[in-house]
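1. sequence below, structure please.
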Amino acid sequence: MSKSVPPRPHVAAAKRRFAIVASQFNAQYVQGLVDHAEEELGSLVSSAAISIHRVPGSFEIPVVVRELARKKKANAIIACGVIMRGETNHAKSLSRSVTDALQRIAVDYGVPVINVVLSFDNEGQARERCLENRINRGTEAARAAVEIASAMSKLRKK
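-> All right, here's what the predicted structure looks like:
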């Protein structure tokens, strides 16, 4: 995992719609991702329309992402969740399941899905990547969402 956030993309002024689907589990860390993503989206695309959809946990994220993608409700969707590894392999199975589902939805519906459902070994890792500014994954996700939404828009105009 990279230790720095990629540079800000150059964005042409265009109306864009972004959806953030966020787990309520591990709320403090997920909210940090959401706050950073929302702030960066607004900064990069001042006319951005941003909707936030809350779900109970990471496992429920793909079903809402699928519905948003099916209805073409966003130019890009950001999925935010935090999974803490425990003593069993449940976290690993959950992470793989969510990742596979999100990728399948993006490909099947042609709507970019930025996967920020993160697995951590401990709260220190979560704090560093979700609450702090240096390598915040919410900021990184927003930048990726803006770039891919722009790329898809250009492809669809051709």
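2. in CSV, list the C-alpha atoms belonging to stretch 56-66.
-> Only the C-alpha atoms of stretch 56-66 are listed here, as CSV (Å, rounded to 0.1, in the frame of the first residue of the first chain):
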residue,chain,number,x,y,z
PRO,A,56,-25.2,-1.4,8.2
GLY,A,57,-21.9,-2.9,7.4
SER,A,58,-19.4,-3.6,4.6
PHE,A,59,-21.3,-6.7,3.4
GLU,A,60,-24.3,-4.6,2.5
ILE,A,61,-22.3,-2.1,0.4
PRO,A,62,-22.4,-4.0,-2.9
VAL,A,63,-26.2,-4.3,-3.0
VAL,A,64,-26.6,-0.5,-2.7
VAL,A,65,-23.8,0.2,-5.2
ARG,A,66,-25.5,-2.2,-7.6
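3. run through this structure and note the low-pLDDT ranges.
-> The model of the chain has pLDDT under 70 over residues 1-7, 9-13.
4. and the most centrally placed residue in the chain, bridged to which residues?
-> The chain has Ile78 as the residue nearest its centroid, 2.8 Å off, counting by Cα atoms, centre = their mean. Beta-bridge pairing for Ile78 (DSSP bridges): Ile20, Ile114.
5. how close does it get to Glu140?
-> Ile78 sits at a distance of 10 Å from Glu140 (criterion: Cβ to Cβ, to the nearest Å). (Each C-beta comes from the backbone N, C-alpha and C, glycine too.)
6. need the overlap of contacts for those two.
-> Common neighbours of Ile78 and Glu140 (criterion: Cβ atoms under 8 Å, 6 or more residues apart in numbering): Val116.
7. contacting residues around the residue nearest to the centre of the chain?
-> When contacts are counted by Cβ under 8 Å, 6+ apart, Ile78 touches 18-21, 37, 113-114, 116, 141-142, 145.
8. of those, just say which sits nearest to Met84.
-> Val116 (15.2 Å; Cβ to Cβ).
9. what is the strand or helix carrying that closest one packed up against?
-> Secondary structure assigned from DSSP states H and E places Val116 in strand 113-120. Packing partners of strand 113-120 (3 or more Cβ pairs under 8 Å, 6 or more residues apart in numbering; DSSP states H and E): helix 27-44, helix 61-70, strand 76-84, helix 90-109, helix 123-130, helix 137-157.
10. hey, which of the ones you listed is tucked in deepest?
-> Mean neighbour count (mean count of other Cβ atoms under 10 Å) peaks for strand 76-84 among the helices and strands packed on strand 113-120, with a mean of 26.
11. can I get the CA coordinates of that one in CSV?
-> This file holds the C-alpha atoms of strand 76-84, laid out as CSV (Å, rounded to 0.1, in the frame of the first residue of the first chain):
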residue,chain,number,x,y,z
ALA,A,76,-18.6,7.3,-10.2
ILE,A,77,-19.4,5.5,-6.9
ILE,A,78,-17.1,5.4,-3.9
ALA,A,79,-17.6,2.4,-1.5
CYS,A,80,-16.4,3.1,2.0
GLY,A,81,-16.0,0.6,4.8
VAL,A,82,-13.5,-0.5,7.4
ILE,A,83,-13.0,-4.2,8.4
MET,A,84,-10.8,-5.0,11.4
